[in-house]
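> Okay, predicted coordinates and the sequence, questions at the end:
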Amino acid sequence: MREFSFGPAEIVVQPGRQVTLDVRNDGDMTHNFSAPSVGPDLDYKPGARRTVIFAAPASGVVEFFCKFHRERGMRGAVRVVARPATSPPIGLLLLGIRLLLAGTVVVGVTRNRRSRDT
């Protein structure tokens, strides 16, 4: 896992669908979720969690980012496609993606964790 990142960084949806993002900050510092083309600009203190809902446009990409750490690569996108994407590999699900029955996607901000070499 990387610090200053969204997980998942890309979400694929169909045109006109309601997009529900469960955004939470699992990091140690304040972050932000901004998606100017659909409206949200929300700050998240460590541990904060909010639901963001918007309608997917007819086509294109809805870019989102942390306004505090965008230059460090903290950004992502909701891509609108006419056909549903295939299911992601299970490895991506283990990186923080949670697809709930209601169609909610959890977008988490994770803190850097060091792994030991074995």
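Cool, got the structure.
> Least confident secondary structure element in this structure?
Ranked by mean pLDDT, DSSP states H and E, the helix or strand of the chain with the weakest confidence is helix 90-93, at a mean of 40.
> Can you list the low-confidence ranges for the chain?
Counting by pLDDT under 70, the chain has low-confidence residues at 1-3, 84-118.
> how long is stretch 23-37 end to end?
Chord length of stretch 23-37, first to last residue, is 17 Å (CA to CA, to the nearest Å).
> Over to stretch 7-27?
Stretch 7-27: ends 12 Å apart by CA to CA.
> Okay, buried residues for it please.
7-9, 11-13, 19, 21-27 (16 or more other CB atoms under 10 Å). For glycine as for every other residue, the C-beta is placed from the backbone atoms N, C-alpha and C.
> closest to Val78 among these?
Set against Val78, the nearest of these by CB to CB is Ile11 (4.8 Å).
> Surely the closest one and Arg79 touch.
Yes: using CB atoms under 8 Å, Ile11 is in contact with Arg79, at 7.1 Å.
> which of the buried residues of stretch 7-27 lies closest to Arg49?
Nearest to Arg49 among the buried residues of stretch 7-27, with distances taken as CB to CB, is Arg24, at 3.8 Å.
> Verify the stated contact: that closest one with Pro46.
No: contact criterion CB under 8 Å: Arg24 and Pro46 do not qualify, at 10.0 Å.
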